[in-house]
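> This is the structure alone, sequence omitted:
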């Protein structure tokens, strides 16, 4: 047995007895200590080597690589000193504990990965592994199913994944770190054709709501787990992981994450995985070039609002970016100064040079079909903005094309979009570039 494994086995070798009085203090849950009832059989085979491998791979706290095994365990909160005795913590058990020990002493811990195709369940796997192993398993399960759309901007290729890896990683981490381990129920990562859903038992922590996630001061339900994940390099070290989830969705041409399914007893984040709006991806790339840096989440939200609705102002934008009207004005003004928006008639719109050149009515269908072939779908708002049509004009033409069997309406209300119902001849690249203004 390697030195690290021998040391951990020596410390975490026992028949465990949870002292719940230590896990609950003053009514507040924290990842407290476990007491060793007797050192008889090995119920742990924790591997510090595995943790240190993850530190290297994820560019975590390099200082951990220079520490002794015992010092690493102390630094990550796997153990605590009680007199002259090192006592394992519940966080340590959850991070690297043996499956049998977790099942016996943390019965609420369970994670499910599911893939649903309509009403059929293609994958339905449940695991009670330690969290670091669970983390790798879930991300690997996502990676093998992650497909890309491709956008060519001249000679520059932009890959647009179905699942933004950084955003999905943060959503998974939030579920593992912030769940209530005293409440029964499994963490679920569920994939459907049009969305991914991550849920965990336990509502938002005090002071955090769905409408202030981007601005609330982060404070984890389980501080030891959060600190260990940060030091290993698995989570955003600034504590702004939610912003990464928003950024990944928007920059890849999809709506912002939705927390509407959350309740007092669970948190659920819904991530849209339908075909990306490649026109918005192009706009976001152009915006980053214009600003000389990556767009901020507030800037992406502002551009998305204008792109989808045709126009916006500070009053409409403020609740979307979860800021006051003054901050919303600053965001819109900054984008206008960069030439990404134009102030027209008390609202902000896309500047005329950003929109696709207007086409004649007789050519509109061909242009729409070419757009759909390139971007996968089109919305009424996009038809209005890109071909300089009124709402009634766009609605009229789209209705005619649906009735004529050229287009198919998918969904309803603001989420509705149109796809082609036939396989049309692929246009030449230079014609696409000319008509779409690429």
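Perfect, I can see it now. Just so you know, these numbers come straight off a predicted model, no measurement behind them. Numbers count the residues shown, from 1 in each chain.
> unless I'm mixing things up, residue 179 is touching residue 203, no?
No: counting by CB atoms under 8 Å, residue 179 stays clear of residue 203, with 10.4 Å between them. In short, each C-beta sits where N, CA and C put it, glycine included.
> Neighbour count: those two, which is higher?
More crowded of residue 179 and residue 203, by other CB atoms under 10 Å: residue 179, with 24 against 18.
> what pLDDT does the nearest residue to that one once chain neighbours are set aside get?
With sequence-adjacent residues excluded and distances taken as CB to CB, 6 or more residues apart in numbering, residue 179 is closest to residue 200, at 4.0 Å. Note on residue 200: pLDDT of 97.
> packing partners for the helix or strand encompassing residue 200?
Using DSSP states H and E, residue 200 maps to strand 195-201. Under the contact definition 3 or more CB pairs under 8 Å, 6 or more residues apart in numbering; DSSP states H and E, strand 195-201 sits against helix 165-178, strand 187-191, strand 266-272.
> and the angle for the longest one with strand 187-191?
What separates the directions of helix 165-178 and strand 187-191 is an angle of 160 degrees, with axes from the mean of the first three to the mean of the last three CA atoms, to 10 degrees.
> picking up where we left off before, can you tell me which residues contact the residue nearest to residue 179?
174-176, 178-180, 187-188, 266-267 (CB atoms under 8 Å, 6 or more residues apart in numbering).
> Over to residue 311?
With CB under 8 Å, 6+ apart, residue 311 has these contacts: 344, 347-349.
> Show me what counts as buried in the helix or strand containing residue 136.
Counting by DSSP H and E, the element that carries residue 136 is helix 131-143. Using 16 or more other CB atoms under 10 Å as the test for burial, helix 131-143 gives 131-132, 134-135, 137-139, 141-142.
> how does the protein divide into domains?
Domain assignment for the chain by automatic domain parsing gives 3-105, 111-272, 278-349, 361-436.
> what is the residue nearest to residue 179 paired to in the beta sheet?
Beta bridges link residue 200 to residue 267 when assigned by DSSP bridges.
> Could you measure from it over to residue 174?
8 Å (CB to CB, to the nearest Å).
> Overlap of the contact sets of those two?
Going by CB under 8 Å, 6+ apart, residues that sit against residue 200 and also against residue 174 are residue 267.
> where in the chain is pLDDT low?
The chain contains residues with pLDDT under 70 at 1-50, 237-239, 353-363, 387-390, 392-393, 422-438.
> who's in contact with the residue nearest to residue 268 when sequence neighbours are not counted?
Leaving aside its chain neighbours, residue 268 sits nearest to residue 261 (3.8 Å; criterion: CB to CB, 6+ apart). Residue 261 makes contacts with 197, 199, 268, 270, as judged by CB under 8 Å, 6+ apart.
> Most widely separated two among these?
Farthest-apart pair in these is 199 and 270; separation 9.4 Å (CB to CB).
> so residue 134 sits right up against residue 109, yeah?
No: the criterion here is CB under 8 Å, and residue 134 misses it with residue 109 at 9.1 Å.
> Now the terminal residues of stretch 406-421, how far apart.
6 Å (CA to CA, to the nearest Å).
> Likewise for stretch 261-270?
First-to-last distance for stretch 261-270 - CA to CA - comes to 8 Å.
> The contacts of residue 261 into JSON lines, with extra columns for distance to residue 118 and neighbour count?
Output for the contacts of residue 261, formatted as JSON lines (distance: CB to CB, whole Å; neighbours: other CB atoms under 10 Å):
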{"residue": "197", "distance to residue 118": "15", "neighbour count": "18"}
{"residue": "199", "distance to residue 118": "20", "neighbour count": "21"}
{"residue": "268", "distance to residue 118": "21", "neighbour count": "18"}
{"residue": "270", "distance to residue 118": "18", "neighbour count": "21"}
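> Residue 115: which of those residues is nearest?
Looking across the contacts of residue 261 and measuring by CB to CB, the closest to residue 115 is residue 197, at 11.5 Å.
> How about that closest one: what's its closest non-neighbour residue?
Counting by CB to CB, 6+ apart, residue 197 lies nearest to residue 190, which is 4.5 Å off, once chain neighbours are set aside.
> Run a quick neighbour tally on the one you found.
19.
> Test my guess that it contacts residue 116.
Yes: at 6.5 Å, residue 190 and residue 116 qualify as touching, with contact defined as CB under 8 Å.
> quick check, residue 351 in a strand?
No: checked against DSSP: H, G, I helix; E, B strand; the rest coil, residue 351 lies outside a strand; its state is coil.
> That one touches residue 339, doesn't it?
Yes: at 6.5 Å, residue 351 and residue 339 qualify as touching, with contact defined as CB under 8 Å.
> Now list whatever residues contact both of those two.
Common neighbours of residue 351 and residue 339 are not found (criterion: CB under 8 Å, 6+ apart).
> Let me see the contact set for the closest residue to residue 348 other than its chain neighbours.
Distance criterion CB to CB, 6+ apart; nearest residue to residue 348, sequence neighbours excluded, is residue 341 at 4.5 Å. With contact set as CB under 8 Å, 6+ apart, residue 341 has these partners: 302-303, 306, 332, 335, 348-351.
> same question, residue 211
By CB under 8 Å, 6+ apart, the residues touching residue 211 are 319, 322.
> what about it, distance to residue 204?
Taken as CB to CB, the span from residue 211 to residue 204 is 11 Å.
> can you check residue 348 too?
In terms of CB to CB, residue 348 sits 32 Å off from residue 204.
> Give me the more crowded residue out of these two.
residue 348 (27 against 19).
> Would it be right to say that residue 214 lies in a strand?
No: Residue 214: not assigned to a strand; according to three-state DSSP it is coil.
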